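Chemist: below: sequence and its predicted model.
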Amino acid sequence: MQMLVTAGPTREHIDPVRFLSNRSTGKMGFAIAQCAAARGHAVTLVAGPVALATPPGVQRVDVISARDMLAAVEANLPACEALVMCAAVSDWRPRQTSTSKLKKRGLSPILELDANPDILATIHDRKSGRIFVGFAAETGDPRPEGRRKLADKGLDLLVANDVSQPDAGFAVDTNRVVLLTCGGEEQKLPLLSKLEVAERIVAWVEQALASRIR
Ligand code: C5P
(Lines give C-alpha, C1' and ligand atoms only; values in the text may rest on other atoms or scores of the structure.)
Protein backbone atom coordinates (compact mmCIF):
# COMPACT_ATOMS: atom_id res chain seq x y z
CA MET A 1 0.00 0.00 0.00
CA GLN A 2 0.94 3.66 -0.24
CA MET A 3 0.98 5.10 3.27
CA LEU A 4 1.25 8.74 4.32
CA VAL A 5 2.41 9.32 7.90
CA THR A 6 2.77 12.59 9.80
CA ALA A 7 5.01 12.83 12.84
CA GLY A 8 6.43 15.22 15.40
CA PRO A 9 5.33 18.63 16.56
CA THR A 10 4.77 21.72 14.47
CA ARG A 11 6.46 25.03 15.28
CA GLU A 12 4.64 28.32 15.03
CA HIS A 13 7.18 31.09 14.85
CA ILE A 14 6.83 34.41 16.67
CA ASP A 15 10.15 35.58 15.24
CA PRO A 16 13.24 33.72 13.90
CA VAL A 17 14.26 32.53 17.39
CA ARG A 18 10.96 32.15 19.26
CA PHE A 19 8.08 29.76 18.62
CA LEU A 20 5.06 27.94 20.07
CA SER A 21 5.29 24.15 20.00
CA ASN A 22 4.75 21.03 22.13
CA ARG A 23 6.63 18.06 23.61
CA SER A 24 6.24 15.66 20.68
CA THR A 25 9.55 14.07 19.59
CA GLY A 26 8.19 12.19 16.56
CA LYS A 27 9.14 8.74 17.90
CA MET A 28 5.71 7.14 17.45
CA GLY A 29 5.22 8.41 13.87
CA PHE A 30 8.76 7.45 12.86
CA ALA A 31 8.18 3.95 14.31
CA ILE A 32 5.03 3.63 12.16
CA ALA A 33 6.92 4.75 9.04
CA GLN A 34 9.80 2.36 9.83
CA CYS A 35 7.47 -0.57 10.43
CA ALA A 36 5.34 0.05 7.32
CA ALA A 37 8.43 0.37 5.09
CA ALA A 38 9.91 -2.82 6.58
CA ARG A 39 6.66 -4.61 5.69
CA GLY A 40 7.14 -3.58 2.05
CA HIS A 41 4.82 -0.56 1.88
CA ALA A 42 5.67 2.71 0.09
CA VAL A 43 5.83 5.32 2.84
CA THR A 44 5.92 9.11 2.72
CA LEU A 45 6.68 10.67 6.09
CA VAL A 46 5.77 14.31 6.69
CA ALA A 47 7.91 15.31 9.66
CA GLY A 48 7.81 18.37 11.87
CA PRO A 49 11.09 19.55 13.44
CA VAL A 50 12.52 16.44 15.16
CA ALA A 51 15.98 15.01 15.84
CA LEU A 52 15.42 11.57 14.30
CA ALA A 53 17.03 9.78 11.35
CA THR A 54 14.84 8.87 8.37
CA PRO A 55 13.94 5.15 8.54
CA PRO A 56 15.33 3.04 5.64
CA GLY A 57 13.24 3.17 2.47
CA VAL A 58 11.04 6.05 3.65
CA GLN A 59 10.53 9.21 1.60
CA ARG A 60 10.65 12.17 4.00
CA VAL A 61 9.19 15.66 3.65
CA ASP A 62 10.27 18.12 6.35
CA VAL A 63 7.90 20.86 7.48
CA ILE A 64 7.84 23.48 10.22
CA SER A 65 4.36 24.89 10.80
CA ALA A 66 0.84 23.42 10.83
CA ARG A 67 0.07 25.22 7.58
CA ASP A 68 3.21 23.72 5.98
CA MET A 69 2.09 20.30 7.21
CA LEU A 70 -1.39 20.78 5.76
CA ALA A 71 0.13 21.71 2.37
CA ALA A 72 2.41 18.62 2.42
CA VAL A 73 -0.48 16.33 3.38
CA GLU A 74 -2.69 17.82 0.64
CA ALA A 75 0.09 17.35 -1.94
CA ASN A 76 0.66 13.70 -1.00
CA LEU A 77 -2.93 12.67 -0.28
CA PRO A 78 -4.00 11.75 -3.84
CA ALA A 79 -1.34 9.02 -4.08
CA CYS A 80 -1.97 7.51 -0.65
CA GLU A 81 -4.32 4.70 0.39
CA ALA A 82 -3.86 5.20 4.13
CA LEU A 83 -3.09 8.31 6.17
CA VAL A 84 -1.78 8.04 9.71
CA MET A 85 -1.94 11.46 11.40
CA CYS A 86 0.46 10.93 14.27
CA ALA A 87 1.73 14.53 14.39
CA ALA A 88 0.99 16.74 17.37
CA VAL A 89 -0.17 19.73 15.36
CA SER A 90 -0.06 23.07 17.20
CA ASP A 91 -3.60 24.31 17.70
CA TRP A 92 -2.61 27.98 17.58
CA ARG A 93 -0.18 30.27 15.81
CA PRO A 94 0.84 33.84 16.60
CA ARG A 95 -1.25 36.35 14.69
CA GLN A 96 1.93 38.14 13.67
CA THR A 97 5.32 36.71 12.78
CA SER A 98 8.37 38.96 12.64
CA THR A 99 11.13 38.21 10.14
CA SER A 100 13.68 39.85 12.48
CA LYS A 101 14.26 39.08 16.17
CA LEU A 102 11.91 41.11 18.34
CA LYS A 103 13.58 43.22 21.03
CA LYS A 104 12.63 42.27 24.58
CA ARG A 105 11.93 45.88 25.54
CA GLY A 106 9.51 46.30 22.63
CA LEU A 107 7.59 43.06 23.29
CA SER A 108 3.96 43.19 24.36
CA PRO A 109 3.18 40.77 27.24
CA ILE A 110 0.07 39.72 25.31
CA LEU A 111 0.46 37.35 22.39
CA GLU A 112 -2.43 37.35 19.93
CA LEU A 113 -3.20 33.95 18.43
CA ASP A 114 -5.12 32.56 15.48
CA ALA A 115 -6.45 28.99 15.30
CA ASN A 116 -4.56 26.67 12.97
CA PRO A 117 -6.51 24.63 10.43
CA ASP A 118 -7.44 21.14 11.53
CA ILE A 119 -5.70 19.00 8.92
CA LEU A 120 -8.02 15.99 9.21
CA ALA A 121 -11.12 18.19 9.06
CA THR A 122 -9.77 20.10 6.03
CA ILE A 123 -9.12 16.98 3.95
CA HIS A 124 -12.10 14.96 5.15
CA ASP A 125 -14.14 15.43 1.97
CA ARG A 126 -11.21 13.98 -0.03
CA LYS A 127 -11.12 10.77 2.06
CA SER A 128 -12.83 8.60 -0.57
CA GLY A 129 -11.86 4.92 0.00
CA ARG A 130 -8.80 5.79 2.08
CA ILE A 131 -8.16 4.62 5.63
CA PHE A 132 -7.63 7.50 8.08
CA VAL A 133 -5.96 6.91 11.44
CA GLY A 134 -5.73 9.58 14.12
CA PHE A 135 -4.11 9.88 17.52
CA ALA A 136 -5.35 11.43 20.73
CA ALA A 137 -3.00 12.34 23.56
CA GLU A 138 -5.01 12.99 26.70
CA THR A 139 -4.33 13.32 30.39
CA GLY A 140 -6.50 10.79 32.26
CA ASP A 141 -8.76 8.16 30.65
CA PRO A 142 -8.30 8.89 26.92
CA ARG A 143 -11.36 6.89 25.78
CA PRO A 144 -14.20 9.45 26.06
CA GLU A 145 -12.27 12.16 24.20
CA GLY A 146 -10.88 9.51 21.85
CA ARG A 147 -14.39 8.35 20.89
CA ARG A 148 -15.45 11.96 20.31
CA LYS A 149 -12.42 12.65 18.06
CA LEU A 150 -12.93 9.37 16.17
CA ALA A 151 -16.46 10.48 15.27
CA ASP A 152 -15.80 14.23 14.80
CA LYS A 153 -12.79 13.67 12.53
CA GLY A 154 -14.41 10.82 10.55
CA LEU A 155 -11.61 8.35 11.35
CA ASP A 156 -11.46 4.60 10.84
CA LEU A 157 -9.13 4.09 13.79
CA LEU A 158 -8.14 6.29 16.69
CA VAL A 159 -5.10 5.52 18.83
CA ALA A 160 -5.65 7.01 22.26
CA ASN A 161 -3.07 7.35 24.99
CA ASP A 162 -2.80 8.85 28.45
CA VAL A 163 0.23 11.12 28.29
CA SER A 164 0.26 11.69 32.07
CA GLN A 165 1.74 8.15 32.47
CA PRO A 166 5.57 8.24 32.69
CA ASP A 167 5.95 5.22 30.37
CA ALA A 168 3.54 6.41 27.67
CA GLY A 169 3.26 9.32 25.27
CA PHE A 170 5.88 11.96 24.70
CA ALA A 171 9.64 11.34 24.38
CA VAL A 172 9.76 7.75 25.73
CA ASP A 173 10.30 4.54 23.72
CA THR A 174 7.21 2.78 25.09
CA ASN A 175 3.52 3.44 24.79
CA ARG A 176 0.28 2.24 26.39
CA VAL A 177 -2.58 2.81 23.99
CA VAL A 178 -6.20 1.93 23.39
CA LEU A 179 -7.31 1.30 19.79
CA LEU A 180 -10.81 2.64 19.13
CA THR A 181 -12.41 1.69 15.82
CA CYS A 182 -15.25 3.22 13.86
CA GLY A 183 -17.01 -0.15 14.19
CA GLY A 184 -17.21 0.41 17.97
CA GLU A 185 -14.45 -2.01 19.01
CA GLU A 186 -12.03 -1.11 21.76
CA GLN A 187 -8.69 -2.84 22.18
CA LYS A 188 -6.51 -1.95 25.14
CA LEU A 189 -2.89 -2.87 24.40
CA PRO A 190 -0.39 -3.59 27.20
CA LEU A 191 2.76 -1.52 27.68
CA LEU A 192 4.69 -2.05 24.44
CA SER A 193 7.63 -0.51 22.62
CA LYS A 194 6.59 2.14 20.10
CA LEU A 195 7.74 -0.23 17.35
CA GLU A 196 5.39 -2.94 18.67
CA VAL A 197 2.51 -0.43 18.84
CA ALA A 198 3.40 0.60 15.27
CA GLU A 199 3.21 -3.05 14.15
CA ARG A 200 -0.33 -3.37 15.57
CA ILE A 201 -1.44 -0.17 13.83
CA VAL A 202 0.08 -1.07 10.46
CA ALA A 203 -1.41 -4.58 10.69
CA TRP A 204 -4.83 -3.06 11.45
CA VAL A 205 -4.57 -0.76 8.42
CA GLU A 206 -3.46 -3.65 6.16
CA GLN A 207 -6.51 -5.66 7.22
CA ALA A 208 -8.89 -2.74 6.88
CA LEU A 209 -7.66 -2.05 3.35
CA ALA A 210 -7.81 -5.73 2.39
CA SER A 211 -11.41 -6.06 3.57
CA ARG A 212 -12.36 -2.83 1.77
CA ILE A 213 -10.89 -4.08 -1.51
CA ARG A 214 -12.58 -7.51 -1.22
O1 C5P B 1 -4.99 17.72 18.68
P2 C5P B 1 -6.07 16.70 18.64
O3 C5P B 1 -6.18 15.90 19.91
O4 C5P B 1 -7.39 17.19 18.11
O5 C5P B 1 -5.54 15.62 17.57
C6 C5P B 1 -6.31 14.52 17.19
C7 C5P B 1 -5.91 14.10 15.80
O8 C5P B 1 -6.14 15.19 14.89
C9 C5P B 1 -4.46 13.71 15.61
O10 C5P B 1 -4.43 12.60 14.73
C11 C5P B 1 -3.81 14.94 15.00
O12 C5P B 1 -2.70 14.61 14.19
C13 C5P B 1 -4.95 15.52 14.19
N14 C5P B 1 -4.91 16.99 14.07
C15 C5P B 1 -5.03 17.57 12.81
N16 C5P B 1 -4.96 18.95 12.69
C17 C5P B 1 -4.84 19.73 13.78
C18 C5P B 1 -4.76 19.15 15.08
C19 C5P B 1 -4.78 17.77 15.17
O20 C5P B 1 -5.17 16.86 11.82
N21 C5P B 1 -4.79 21.05 13.63
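Modeler: Yes, it's here.
Chemist: all strands for the chain, in order.
Modeler: Ranges of strands in the chain, per DSSP state E, are 2-7, 12-15, 18-20, 42-47, 59-62, 82-85, 92-94, 113-115, 131-138, 157-162, 174-175, 177-181, 186-188, 192-193.
Chemist: turn those into JSON lines, including distance to Leu209.
Modeler: Every C-beta, even on glycine, is put in place using the N, C-alpha and C of the backbone. Listed next are the strands of the chain as JSON lines, based on distance: least, Cβ to Cβ, whole Å:
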{"stretch": "strand 2-7", "distance to Leu209": "10"}
{"stretch": "strand 12-15", "distance to Leu209": "34"}
{"stretch": "strand 18-20", "distance to Leu209": "36"}
{"stretch": "strand 42-47", "distance to Leu209": "13"}
{"stretch": "strand 59-62", "distance to Leu209": "20"}
{"stretch": "strand 82-85", "distance to Leu209": "6"}
{"stretch": "strand 92-94", "distance to Leu209": "34"}
{"stretch": "strand 113-115", "distance to Leu209": "33"}
{"stretch": "strand 131-138", "distance to Leu209": "6"}
{"stretch": "strand 157-162", "distance to Leu209": "12"}
{"stretch": "strand 174-175", "distance to Leu209": "23"}
{"stretch": "strand 177-181", "distance to Leu209": "14"}
{"stretch": "strand 186-188", "distance to Leu209": "18"}
{"stretch": "strand 192-193", "distance to Leu209": "23"}
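Chemist: make CSV out of those strands and add mean pLDDT.
Modeler: Below are these laid out as CSV (pLDDT from 0 to 100):
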stretch, mean pLDDT
strand 2-7, 98
strand 12-15, 96
strand 18-20, 96
strand 42-47, 98
strand 59-62, 98
strand 82-85, 98
strand 92-94, 98
strand 113-115, 98
strand 131-138, 94
strand 157-162, 93
strand 174-175, 88
strand 177-181, 96
strand 186-188, 95
strand 192-193, 94
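Chemist: Ala53 is nearest to which of those strands?
Modeler: Nearest to Ala53 among these is strand 59-62; the distance by Cβ to Cβ comes to 9.7 Å.
Chemist: what's the offset of the closest one from the middle of its chain?
Modeler: Taking Cα atoms, centre = their mean, to the nearest Å, one finds the center of strand 59-62 at 14 Å from the center of the full chain.
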